[in-house]
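1. structure of the sequence below:
(one chain, ligands or ions: 2)
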Amino acid sequence: MTTLSSPSPAATASVGAAPHLREDLLTPRFYTTQIAKAATTDIEPQRPIFDAMLAEMEADYNRDHFDRRTPLDRLRALSAADKEAYESYLVRSCVSEFSGFLLFKELSRRLIQSGRTDLGRLFQLMARDEARHAGFLNRALVAEGITIDLPSLSGKRPITWFPLSWVLYSVYLSEKIGYWRYILIDRHLKAHPDNSVAPLFDFFEPWCQDENRHGDIFNMLIRCWPGLRRGLRGHLLSRFFLWSVFLTHSLTVCERGDFYALLGLDPARFDDEVMRQTNRTAQRAFPMVFDLDNSRYLQLRDQLVDTFLQLKALAEAPAGSHPWLQRLRLRAQFASQLLQQFCQPMVASAEVVA
Ligand SMILES: [Fe+2]
Ligand SMILES: [Fe+2]
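-> Numbering: from 1, shown residues only. Ligands and ions are numbered 1, 2, ... in the order given. Sure, this is the predicted structure:
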């Protein structure tokens, strides 16, 4: 299914023949949650942090940051294949930012309706940031002659419902993994300016601070529900969301390997570093994190990516040329590797529930 509209004949041709612009299983989804339950969040135990975060969000440090006036000369030097990798990255990131905007906007609207103006305002300010990010990426796409019809995209796709606890854990991790992705790319490109192939990357440093702040807000919200970090529940939530967010990241990075190669990054090692840093950061929010240094977690990551690529190659082979037995064997191998990775040892976070 294509979710792109085409504003010009040039774009029509490019979109119609461009598999890199189409969504797939790894494409971001749209979410909603138990908003009535969210409206009962008791922020009083976290009041000083809440007030500090709200003041920081109101200060709007990046108000003027996303005013794009950079010349696009660098982009013209890209080959067709490199441009494809860049555009594919833009599309996915734009939909992902827009998905965050929709969730935060809906939460803010309903929280304000429920009389929670304090919480509603905080979500309104996060929605402001995500709308800005999505708009900025959208403008970068328009510069490439591609238009995504974001409002109609959200209407066409199913909205996934998650319990509040899942949203708190998964959005916290998405924000923190987003922070690490942007900051690691930014540091790499500052050390290797020749690989900074698009003006977009010049904006990453203050941008990632927005994601970092959003992550800190979700950490504060998790603390407003102490039961979420205790006992078996805390353990399972930490294990499941770290594992699933890391797995999605690994498979996405391996699928978009061309994009990372374009920036002069080794996709597998970039993925490792993003996971290590996010896992370390998550110690501040989750009761448990994976023991990446003393387990087979990252080794299993390499094996999973390898099996995933073999399965993909098999699926793309001409019809009738792929033996069902080989496909079955690879699927069983993939399932076994998933299970082994999920069960890898974890360590208790130094800062356990207060
Ligand atoms: Fe964002
Ligand atoms: Fe964010």
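
2. what sits against residue 122?
-> 50, 53, 54, 57, 108, 217 (C-beta atoms under 8 Å, 6 or more residues apart in numbering). Quick note: C-beta positions are derived from backbone N, CA and C, even for glycine.

3. how much space separates the nearest residue to the fifth one once chain neighbours are set aside from ligand 2?
-> For residue 108, the nearest residue in space outside its immediate sequence neighbours is residue 123; the separation is 3.6 Å by C-beta to C-beta, 6 or more residues apart in numbering. Distance, residue 123 to ligand 2, using C-beta to the ion, to the nearest Å: 11 Å.

4. where's residue 123, which helix or strand?
-> For residue 123, the host element (DSSP states H and E) is helix 117-143.

5. that helix and ligand 1 in contact?
-> Yes - if you take C-beta under 5 Å from the ion as the test, helix 117-143 does meet ligand 1, through 130, 133.

6. pLDDT weak spots in the chain?
-> 1-29, 68-74, 154, 156, 319-322, 351-354 (pLDDT under 70).

7. what residues does it put near ligand 1?
-> Checking the chain against ligand 1 by C-beta under 5 Å from the ion, the hits are 97, 130, 133.

8. if we use 8 Å, what do you get?
-> 96-97, 100, 129-130, 133-134, 175, 178, 207, 210-211, 214 (C-beta under 8 Å from the ion).

9. please pick the buried ones from these.
-> 96-97, 100, 129-130, 133-134, 175, 178, 207, 210-211, 214 (16 or more other C-beta atoms under 10 Å).

10. out of those, what pair is the most spread apart?
-> Across those, the longest distance by C-beta to C-beta is 14.8 Å; it joins 134 and 175.

11. coming back round to it: I'd like the contacts of residue 122 as a markdown table, with neighbour count and secondary structure appended.
-> Below are the contacts of residue 122 laid out as a markdown table (neighbours: other C-beta atoms under 10 Å; DSSP: H, G, I helix; E, B strand; the rest coil):
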| residue | neighbour count | secondary structure |
| --- | --- | --- |
| 50 | 20 | helix |
| 53 | 20 | helix |
| 54 | 17 | helix |
| 57 | 21 | helix |
| 108 | 22 | helix |
| 217 | 23 | helix |
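
12. among those, which are in reach of ligand 2?
-> Counting by C-beta under 8 Å from the ion, no member of the contacts of residue 122 is near ligand 2.

13. closest one of the residues you listed to residue 293?
-> Of these, the one sitting nearest to residue 293 (C-beta to C-beta) turns out to be residue 217, at 29.3 Å.

14. the residue lying closest to residue 58 once chain neighbours are set aside: what's it in contact with?
-> Once flanking residues are discounted, residue 58 sits nearest to residue 125: 6.8 Å by C-beta to C-beta, 6+ apart. For residue 125, the contact set (C-beta under 8 Å, 6+ apart) comprises 54, 57, 58, 60.

15. what's the spacing between the third one and residue 97?
-> In other words, residue 58. 21 Å (C-beta to C-beta, to the nearest Å).

16. can you check residue 267 too?
-> 22 Å.

17. surely residue 334 meets residue 305?
-> No - in terms of C-beta atoms under 8 Å, residue 334 does not count as a neighbour of residue 305; the distance is 10.4 Å.

18. and the residue of the chain found nearest ligand 2, what helix or strand is that in?
-> For the chain and ligand 2, the shortest gap (C-beta to the ion) falls at residue 214, measuring 3.8 Å. Here residue 214 sits within helix 204-223, counting by DSSP H and E.

19. hmm, residue 277 is touching residue 181, no?
-> No - with contact defined as C-beta under 8 Å, residue 277 does not reach residue 181; the gap is 9.5 Å.

20. tell me which of the two has more neighbours.
-> residue 181 (22 against 17; other C-beta atoms under 10 Å).

21. what's the closest non-adjacent residue to that one?
-> residue 274 (5.6 Å).
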